[in-house]
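In: I'd like to go over a predicted model; first the sequence, then the structure.
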Amino acid sequence: MGRWSHGRGCRRMSVLDHKLWRDLRGNAAILFTVVAIIAVGVGSFTGLLSIQRILRNSQANYYRQYRFADFWIDVKKMPLAAAERLERMPGVAAIEPRVVFDVILDMPRHDEPVTGRLISVPTRGFDRVINGMHLMRGSGFSDTRDEEVIVGESFAKAHGLEPGDRIEMILNRRKESFVIVGTAISPEYIYVVQGYGSLAPDPEHFGILYVKEGYAREILGFKDAANQVVGQLVPDYEQDVDVLLEQIDRQLAPYGVLSAISRRLQPSNRFISDEIHSLGITALIMPSIFLFVAVMVLNVLMSRFAQSQRSIIGTLKAIGYSNWQVVEHYLSFGLLIGLAGGVLGIGLGLSIAWGLMQLYRGFFQFPTFQYEAYPDLLLIGMALSLVFAVAGTAKGVRRVLQLHPAEAMRPKPPERGGAIVLERVQPIWKRLGFRTHIALRSLFRNYGRSLTAIISGMLATAIIFAALTMRHSMWVLLDYQFEKIAHSDVDLALRDSRSVDALYEAQRLPGVQYAEGVFGLTADLRHGRASRRVTITGLPDPHRLTTPLDDRGRPIDVPPVGLVLSDKLAEQLKAGAGDTLELTPVLGERQGRRVPVASVVREYMGLGAYADLRYLTRLVDEPPAVSSILLAVEPTRVNALYRAVKQLPEVSGVNVRAQTKVNIEQTILRTMLFSLTLIILFAGVIGFGSILNASLIEIADRTRDIATFRVLGYRALQVASIFFRENGIIFGAGLLLGIPFGYLMVRVIAVAYNTEMFRMPVIFSLKITLLTAGVAALFVGIAQWFVLRQIGRMDWLEGIKVKE
Amino acid sequence: MAMKFVAALRRGTRPSGNQSMHAPVVRSRTSLLRLEDVSRVFGMGEVEVRALADVNLTVESREFLVVLGPSGSGKSTLLNLIGGMDRPTTGHVWHYDDDLAVMSDEQLTDYRRLKVGFIFQFYNLVPTLTAYENVQVATELVSDPLPPWEALQMVGMADRVEHFPSQLSGGEQQRVAIARALAKRPEIILADEPTGALDLQMARHVLSILQDLNREHGMTVILITHNAGIAKVGTRDIRLASGRITEVRVNERPILASEVTW
Ligand SMILES: Nc1ncnc2c1ncn2[C@@H]1O[C@H](COP(=O)(O)OP(=O)(O)OP(=O)(O)O)[C@@H](O)[C@H]1O
Ligand SMILES: [Mg+2]
C-alpha cells in the first residue's frame, strides 16, 4: 500500500467527506442526543472543577494575605503574659491574644434582639494581624475617639448601616454608643456563622463588630487579659497541631480552656472547605455517569451505523479503499461528535461556574472573588469529550474492520425471526396485541440497545431520586432538630451561669408562658483511648422544652443519674448504654469523675450530650445553676419580650427558634434549588437523550414497517404507540432499577458526609419516589413527543419502496 | 394440530379497530373509481417530472384491471393516487362521489383503512411479527374483518401462522401479504408488481388467488406490472407510456392464472 495509495486516497476522501457531512445532517436529531449527553458530562466536569478552583484559590489567597489563623484557644480569662508564653512553644510562629465578647444589640427598625460579636483588634494595622480585616468601606479607626466600631460587611448591608451611623449596646451595665467608622470582612468569617449549630449565615440577627483593642479590654473588664488566643504555626507543622493543642490546653488549664481547635474545626473554614471538597466529589461522580452513558449511547449508534452501511462499506473496500481509510471516515464521525460535545460542554461548564459563583457570592465574602476560565480545565474537558466520543465509536469501528468486502456487499441478513422467551407463556402473550408484540420482540432482539436505554434510564432515575431524597432529608433534619427535639420559642444565653433564681426573673418577663433553665458544662469525655471535648446540656426535671429522642423517635426522659449521649458521640467514644466514661470539666480543677452512660439518643447535628441538671452541677461540686434559659412565649407578646431582653446585660445571645429555622430553610433552599434544578435537568438530558436516541434509531431501522402501517391506514399516533409501549417498558425497568440504585447512592453519600457537625438522615419516602417517577415520566414524555413528530413527518411514500 | 391451534386462536381473537367509519355507504350510481384529467408533476428544483399527464380512467366495481407499462411510465404514481397515498397535481380522483384529490390526510387515512387492500412487490411484512400477527395488523383496523386464520387459509398459509417472515419463501410471504390485504374485506385490492420478485410457479399461485378474490368474492383488483404475460388475466388491461394511457383492451375471456407464461 504505502504512500501512493494513501495519496490517491486523500483525493477520494473528499467524496467520503461529503458522505460524512450528509450522514451527519441526516442523523442530526440522533446525533444531537449524544452530543447533549457528552456536553452535560463535560459541562458538569469543567463547571464544577472551575468553580472549585475559583473558590479554593480565593480562599488560599485570602488566608495567606490576611494571615488566617491555624488555631483558636478560648479561655475564661487569661493574663496577656500567659498568652505571650505560648509564642515560645515549638511549632507556634505567632499568636494574637484577643477579647471576643457576644452582646445583645438594640437595632432600630428591628424588634427582635440581634447578637453582635465584639472582637478586639489593634487600632493600626488591623489588616496585618492574624485573621486580619479587609476594610470594605469607611476610613478605619481614628485617634480621636474610643467608641469606634468597624462592622461586618454583610451585617452592615442587612441593616443598612453606613460609616458615620451609630450603633448602641449595653456593655458592663452601661449603655454605650459606638460610631461606625467602616465595614470589613475577614478570613475568619468568610461564611458568617455564630458556630456549627447555625448552618447558615443570618446577617439580620448576627454580625461581627471590630472594636479597638485597648478600649475593649478596659470596658469589658479584661485589663491586661484576653479570653481568646489565635495563632499561626511554623510552616509544615499542621500534622502536629493536635499534639500542640493538647500541650496548650494543659498549659492554660488554670485559666479554663473552653475550646482549643485547629483550622479544621473552625466553623467558617469548615463550611467552605466542605463545600470545596463536595464540589470535587460531585465533579468526579456526575461527569463519570454522564460520559459513561454517552459512550454506551454512542456505541449503540455507531454499531447500528456500521450495520446499516455495511453495503456502502463493502463497496468502498471492494473499490480499493484501505481499511484505515474507511475507519478514518468513521473515526472522524466520532471526533466531530466529540468536538461538538466538547465545545457545547465547555460553554455549559463556563455558565455553570458563573451561575454557582453568583450563588456563592451570597454566602461567602472574599476581598476578591473573580470569575476565571481555566484553559487547562477547558482543554481537559475537550480532551475528555474527544476520548469518550472516540471510545464510543470503537465498537462500530471494529465492525467496520471486520466486514469482509464480499460479505458486506450481500444484503443484510433478514431480521431474526423466532419467538422470544415471553412467548412461552401463551395465554398472556396472546392477550397483548401485535403492537406490544412488536415492541417486546424488538426490545429483546436488540438487547444491547435496550439495555443501554434501561441503564441510562436507571442512572437518570437514580440521580433524580438521590437529589430529591437529599433535599427531603434536609427538611427532615431541620424538622427533627428544630421541632421534634427543641420546643422553646426563644432561648436566652446567659453570660455566666447563674443560680436557678434567674429562672424566676425570666418567668416574670413579658409574654413568657413557661421558662426552663438549662446548664451547659464543657468537659472532656473519655472512654478508653477515645476522648472528646463536648458541652453537656443539663436539663431540668421535667424538661418540657427539650425532648431528646431515641433511634425510634420516642422521647427520652433524662435519668437522675448518668449521661445521655447522641449516637454520633457514642460512636466517637465507642461507648454505649451501661459503659462508664471519665468526665473532666475544663473549668476549675481538672479532676476526672466516673459517670455512667444511661442511654443513647439520635441526633443529626453536633455531638450532643444530656444529663439531669442537678446531677451535672453536683458532679462539679456546684449548687444548681443555669447557663441559658429556654422560653415558651405567647406569640402576641413576643415583641414586648424582645424589648425587655434588649435591656438585660446578663444575656449574651438570643435565639429565636422559628427564625433560625426559617433562615436555614431559605438559605439551603436557595442553594439546593439551583443545584437540584441543574442535576435534575442533566439527569433528564441523559434519560431523555438515551431513550430518544434508541427510538430514533429504531424509527430509522423500521422506516419500511412504519410506512407499511401508514399505507394500511394506521395513524401516526397509532404507529407511535408501538414506540410508546417499547419506551414505556424501558422507562418502567429504568424506574424499577433506578429507585433502589438511587437509594443506595443516598446511603453512600450519607456515609461520605457523616461528620461530627452534621449527619444526613437516610429516608425512603414514597412521596419522593412518586415525584421521581413523575419527573422521569415528564422527560420520557417529551421524548415521546419527538417520536410522534418524527413518525408524523416521515415520508412514508418513500419508505414503502425500501427493500429488505 | 395446526387446526386445533387455529381454532384456539379464533377463540382468543377479538376484532377491534375503528368502528365509526365503517357505516354502510350509500352507493350512488356513479362508478367505483373515476380519474378525471389527472396529472401528477414532481418538482425537483429546476427539473419537473410529469409522471402522469391528463389521465382519464374509469374503473367499475368487480373489474380486474391490469396496468401495463415500462419502467418509469407512471404506474406506481397512478396506483398511489388510486390508493389514497398521494394527491394529483391537477384533476380529480373520484371514489363514487368523493374526490380523493381534496380529502384531508385524515380522510385519506380512513379511505385506505376501509376501502383498500394493498399488496407490495416486496411484501412489506413486519419482520418481527408472525404470519398470523401480520394479518392481525390489518384486521384490527376494521370492525368486520375476516378472522386472520381464515384469510390465511384462503391463501393456503393456514399451517404457517406461527412463522416469521424470515422463515418463509418469497411466494409464501406474498401470500401472507395477500391475506393481510383481503382480511379487511376491502372494496379494492391494489397490487404493485405482486409477482415481480417471484418465479413463474409462485406467480401463478399468487395470481390465481387474486383472480379468485375477484371472481368469487367480488373484489375489484387493480394490478400493476411491466410483464405483458400477465395482461390477459384481467378483465381489462391498459397500457401506460410516459404518463399517458396509450391503449385500453377489454378481455371478453380472461385467461386463467394457471395459463400465464412468460
Ligand atoms: N417522489 C418523486 N419525486 C420525483 N420524481 C418521481 C417521484 N416518484 C416518481 N417520480 C418519477 O415519476 C416517473 C414515474 O414514476 P413511477 O414510479 O410511477 O414509475 P413506474 O411506472 O412505477 O416504474 P417502475 O416500473 O420502475 O416501478 C418516473 O420518471 C419517476 O422518476
Ligand atoms: Mg413502480
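Out: Sure thing, it's come through. Ligands and ions are numbered 1, 2, ... in the order given.

In: I'd like the mean pLDDT over the host helix or strand of A:L673, please.
Out: Taking DSSP states H and E as the definition, one finds A:L673 inside helix A:657-701. When pLDDT is averaged along helix A:657-701, the result is 86.

In: Can you list the helices and strands that the very next helix or strand once past that helix packs against?
Out: The first helix or strand that comes after helix A:657-701 along the chain, using DSSP H and E, is helix A:703-712. Here helix A:703-712 touches helix A:716-752, helix A:796-799, helix B:105-115, helix B:131-139, going by 3 or more Cβ pairs under 8 Å, 6 or more residues apart in numbering or on different chains; DSSP states H and E. For every residue, glycine as well, the C-beta is placed using N, CA and C.

In: Just checking: what are the partner strands of the following helix or strand past the third one?
Out: In other words, helix B:105-115. Counting by DSSP H and E, the next helix or strand C-terminal to helix B:105-115 is strand B:116-119. Strand pairing for strand B:116-119, determined by DSSP bridges: strand B:188-192 (parallel).

In: Show the residue spans covered by the helices in chain B.
Out: B:2-12, B:75-82, B:105-115, B:131-139, B:148-154, B:170-182, B:200-217 (DSSP state H).

In: can I get those in CSV with distance to chain A, mean neighbour count and mean pLDDT?
Out: What follows is these, written out as CSV (distance: least, Cβ to the nearest Cβ, whole Å; neighbours: other Cβ atoms under 10 Å in any protein chain shown; pLDDT from 0 to 100):
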stretch, distance to chain A, mean neighbour count, mean pLDDT
helix B:2-12, 5, 13, 34
helix B:75-82, 7, 24, 93
helix B:105-115, 3, 19, 90
helix B:131-139, 4, 26, 90
helix B:148-154, 10, 23, 93
helix B:170-182, 8, 25, 93
helix B:200-217, 17, 18, 93
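
In: so which of the ones you listed gets nearest ligand 1?
Out: Ligand 1 lies closest to helix B:75-82 among the helices of chain B, at 3.2 Å (Cβ to the nearest ligand atom).

In: any chance of the helices and strands packed on helix A:703-712 in CSV, plus distance to ligand 1?
Out: Formatted as CSV, those follow (distance: least, Cβ to the nearest ligand atom, whole Å):
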stretch, distance to ligand 1
helix A:716-752, 20
helix A:796-799, 7
helix B:105-115, 17
helix B:131-139, 24
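
In: Let's have the ones you listed in CSV, adding distance to A:P122.
Out: Shown next, in CSV, are these (distance: least, Cβ to Cβ, whole Å):
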stretch, distance to A:P122
helix A:716-752, 42
helix A:796-799, 84
helix B:105-115, 85
helix B:131-139, 90
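
In: what's the spacing between B:S166 and chain A?
Out: Applying Cβ to the nearest Cβ, to the nearest Å, the value for B:S166 to chain A is 4 Å.

In: My read is that that residue contacts B:V126, right?
Out: No: under the criterion of Cβ atoms under 8 Å, B:S166 is not in contact with B:V126, lying 11.3 Å apart.

In: Comparing these two, which residue is more hemmed in?
Out: Ranked by neighbour count (other Cβ atoms under 10 Å in any protein chain shown), B:S166 and B:V126 place B:V126 first, with 24 against 16.

In: Tell me the spatial nearest neighbour of B:D86, not counting adjacent residues.
Out: B:N80 (4.1 Å; Cβ to Cβ, 6 or more residues apart in numbering or on different chains).

In: Let me fix that, I meant to ask about A:G792.
Out: Nearest in space to A:G792, with sequence neighbours left out and distances taken as Cβ to Cβ, 6+ apart, is A:A716 at 4.0 Å.

In: List the contacts of the one you found.
Out: Taking Cβ atoms under 8 Å, 6 or more residues apart in numbering or on different chains as the criterion, A:A716 is in contact with A:710, A:788, A:791-792.

In: Many thanks, we can stop here.
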